[in-house]
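quick one: sequence plus predicted model below, questions after.
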Amino acid sequence: MRWLRWAGLLAAGLAASQVWAASAASCRSEADSPACQYQQAGEASCSDVARSERTACLQQFTPPANCRRERDQAACIALQQAQYQCSQQQGAARRQCLAAALPAPTCRPGTAQERCRALQEAASRCGALFGSRRRQCQHLAIQQLDDGSEQR
């Protein structure tokens, strides 16, 4: 019975890889569509990233094709425009370019002005990072700004 379970898992894995390959192939055939262009831009931003970190990188640097569905439409549009501005670069250089091209994040209504400034400063320091490294960088930057250890 165990072999049956393993065979089922293997079949599911093969089916998933074929679906992914089909979506990549359809993107190659429809290269002019905005969704494909944004997917390719995200892949160019993460071309030098290890496979284990690639998903986090793609989530951060691949703009959605339709910004009307996004919570922060201005940030979505800004990422689309930044990807266009940085289109001549690849990998880490492209992520640095994107970080420089993106505006500071807007703060939620009701956020204290000092806290908002700390969040924006942390975002500018950690702009090219992604995933857990970005979260750790932002946490440390905010902590330094909050306790004043940056000035020591």
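Everything's here; your move. Numbering: from 1, shown residues only.

what residue is smack in the middle of the chain?
For the chain, the residue nearest the mean C-alpha position is residue 60 (0.8 Å; Cα atoms, centre = their mean).

now the element after the worst-scoring helix or strand of the chain on mean pLDDT, going C-ward?
Of all helical and strand segments in the chain, the minimum by mean pLDDT, DSSP states H and E falls on helix 2-29, at a mean of 45. Later in the chain than helix 2-29, the nearest helix or strand by DSSP states H and E is helix 34-45.

return the set of buried residues in that following helix.
By neighbour count on 16 or more other Cβ atoms under 10 Å, the buried set for helix 34-45 is 36-45. In this view, the C-beta of every residue, glycine as well, is placed from N, C-alpha and C.

how far off helix 34-45 does the helix or strand just after it point, in degrees?
Sequence-wise, the next helix or strand downstream of helix 34-45 (DSSP H and E) is helix 51-61. Relative orientation of helix 51-61 versus helix 34-45 (axes from the mean of the first three to the mean of the last three Cα atoms, to 10 degrees): 130 degrees.
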